[in-house]
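Q: here is my input; please provide its structure:
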Amino acid sequence: MRIGVIVCVAAMALGVQPTRVRAQEGVPTVAIMDLSSFMMGEGGASVHLGKAVSAMLATEFGGRDGMRTIQRAELKALIRERHLQPSRRIDEADAIEVGRVLGVQYVLHGQVTSIVDNLRMDIRAVDVETSEIVSVMKKSDRTTELFSVGVELADEFDESLDLTAPSHRSEGEPIPVAATIAFSRGVDHEDRGRVGDAIEQYERALEIHPGHRDARRAPKRLRGERPS
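A: Below is the predicted model of the structure:
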């Protein structure tokens, strides 16, 4: 079965209308795909760092007035409906097809690498309608500066669309690598439906770094509580 047919069937199953998101509020809407990743050092070799970074970027983008982001749960549901294997890297063509079904204007995809606290992120933003690359964002820093790098990437994307970056933003302290590993494991457990294990890892991340914004919100969301 052709990918396009699978996507259309998935869209009907999810009740997703391709033009629905685009029309809401008249602001750009973004879908952030899970980044491919490689992590080495401090026990992170088996960690899905790309999932964690995507989740953190979704929070950062979602907190900006000039754009909207697709909820991670909706995005993951569509990918499951497409029968993509968790181990398979979703290429640009697949990402664009998913974006078209969801009715978003832009999809972000790419990769992240962390080797002994040396971080490298390469992310491309693609216009779903034209398939053109509208922004290429490359950042290198220490892995502990993951939060700051995410903010810088969002700012660059804002600039590429002539949007205004927020005048007020949360202050981000360096995140210990061990906290990033725990948070990454929490995101992976959540994706697999292991809610208890996910909460345990999120709370572990908070023990290591109480200021971890995403780790603080995730357990409340999983328990059905209002996020702070």
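Q: which residues in this structure form helices?
A: Counting by DSSP state H, the chain has helices at residues 3-14, 20-23, 49-62, 72-81, 92-102, 146-160, 177-191, 195-208, 213-222.
Q: could you dump those helices into JSON lines and include mean neighbour count and mean pLDDT?
A: C-beta coordinates here come from the backbone N, C-alpha and C atoms, glycine included. Formatted as JSON lines, the helices of the chain follow (neighbours: other Cβ atoms under 10 Å; pLDDT from 0 to 100):
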{"stretch": "helix 3-14", "mean neighbour count": "14", "mean pLDDT": "36"}
{"stretch": "helix 20-23", "mean neighbour count": "15", "mean pLDDT": "40"}
{"stretch": "helix 49-62", "mean neighbour count": "24", "mean pLDDT": "91"}
{"stretch": "helix 72-81", "mean neighbour count": "17", "mean pLDDT": "77"}
{"stretch": "helix 92-102", "mean neighbour count": "21", "mean pLDDT": "84"}
{"stretch": "helix 146-160", "mean neighbour count": "20", "mean pLDDT": "88"}
{"stretch": "helix 177-191", "mean neighbour count": "24", "mean pLDDT": "94"}
{"stretch": "helix 195-208", "mean neighbour count": "18", "mean pLDDT": "96"}
{"stretch": "helix 213-222", "mean neighbour count": "19", "mean pLDDT": "92"}
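Q: put together TSV for the ones you listed, with distance to Lys139 on each row.
A: Converted to TSV, those look like this (distance: least, Cβ to Cβ, whole Å):
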stretch	distance to Lys139
helix 3-14	31
helix 20-23	27
helix 49-62	11
helix 72-81	22
helix 92-102	20
helix 146-160	5
helix 177-191	15
helix 195-208	22
helix 213-222	18
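Q: so for Met40, which of those helices sits nearest?
A: Shortest distance between Met40 and these, using Cβ to Cβ, is found for helix 49-62: 10.3 Å.
Q: now do that closest one: which elements does it pack against?
A: strand 29-32, strand 36-40, strand 68-69, helix 72-81, strand 106-115, helix 146-160, helix 177-191, helix 213-222 (3 or more Cβ pairs under 8 Å, 6 or more residues apart in numbering; DSSP states H and E).
Q: quick one: residues in contact with that helix.
A: Helix 49-62 is contacted from outside by 30, 32-39, 67-69, 72, 108, 111-112, 114, 121, 146-147, 150-151, 153-154, 157, 180, 183-184, 187-188, 191, 213-214, 217, using Cβ atoms under 8 Å, 6 or more residues apart in numbering.
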